[in-house]
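K.L.:
Based on what follows, work out the 3D shape:
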Amino acid sequence: MPATIRRARFPRLLAAAHVLALCAAPVAAQDFPKLRAGLWEMATSSTRAPGIKTTSTLCLDASLQKDMVKMSTGMMAGMCSKAELKAVGGAFVGEAVCNFNGSTMKSKSVMTLKGDTSYRTEAHATFDPPFAGQSQSDTVIEGRHLGACKPGQQPGDLTTPTGQTINIRNVLNGKK
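P.N.:
Residues are numbered from 1 along each chain as shown. This is a model prediction of the structure:
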């Protein structure tokens, strides 16, 4: 993959890794953060791209959340030697140790929810050896419920910062 593409995709890949590590934690289903069904906006910023915040939207329902947790649990099982999530007060604290292409990522994240309509996740990761030229990264993801999904949207429809729409459920099921 060309270096320019790696640099452009790195914050999203890292954010996804943090979220997957958080989702993969072996906690009881009732303990996992549950978000309101509908359209969600997620704004992501990272030290990898200082001053740049990317925004995407996702049409979400309970079954998609369950599928995402199931998929991430399986995915992380082969990559992570540690994936823990603990409810601490009104927050969920996750810690993970994962291997990405020969680089060990140690990550700690804190997800703070405001009911089921907004959240803020702060994640710090270190990489040894550096991953895509990065030895550490801090990522913040702020999510908020916008209301009902747009007409014609299906649960899993993700609109990327570039305006491209993909369906996560199809990706999870190996479809295009």
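
K.L.:
List phi and psi for the residue of the chain positioned farthest from its centre.
P.N.:
Largest separation from the mean C-alpha position in the chain: Pro151, at 25.0 Å (C-alpha atoms, centre = their mean). Here is the backbone geometry of Pro151 (degrees, to the nearest 10): phi -50, psi 130.

K.L.:
pLDDT score for it?
P.N.:
The per-residue pLDDT reported for Pro151 equals 96.

K.L.:
what's the answer for Ala28, then?
P.N.:
40.

K.L.:
Describe which strands the strand or helix carrying Cys98 pairs with in its sheet and in which direction.
P.N.:
Using DSSP states H and E, Cys98 sits in strand 91-100. Using DSSP bridges, the strands paired with strand 91-100 are strand 80-88 (antiparallel), strand 103-114 (antiparallel).

K.L.:
lowest-confidence stretch among those strands?
P.N.:
Among the strands paired with strand 91-100, strand 80-88 scores lowest, with a mean of 85.

K.L.:
Report how many residues lie close to Ser118.
P.N.:
By other C-beta atoms under 10 Å, the residues close to Ser118 number 16. Any C-beta I mention is one placed from the backbone N, CA and C, and that applies to glycine too.

K.L.:
tell me the contacts of it?
P.N.:
Ser118 makes contacts with Glu142, Gly143, Arg144, His145, as judged by C-beta atoms under 8 Å, 6 or more residues apart in numbering.

K.L.:
Quick check: which element contains the third one?
P.N.:
The secondary structure element spanning Arg144 is strand 134-147 (assigned by DSSP H and E).

K.L.:
What is the next helix or strand after that strand packed up against?
P.N.:
Heading C-terminal from strand 134-147, the first helix or strand you meet, by DSSP H and E, is strand 157-159. Packing contacts for strand 157-159, counted by 3 or more C-beta pairs under 8 Å, 6 or more residues apart in numbering; DSSP states H and E, involve strand 53-60, strand 165-167.

K.L.:
if we go to 10 Å?
P.N.:
strand 38-46, strand 53-60, strand 165-167, helix 168-172 (3 or more C-beta pairs under 10 Å, 6 or more residues apart in numbering; DSSP states H and E).
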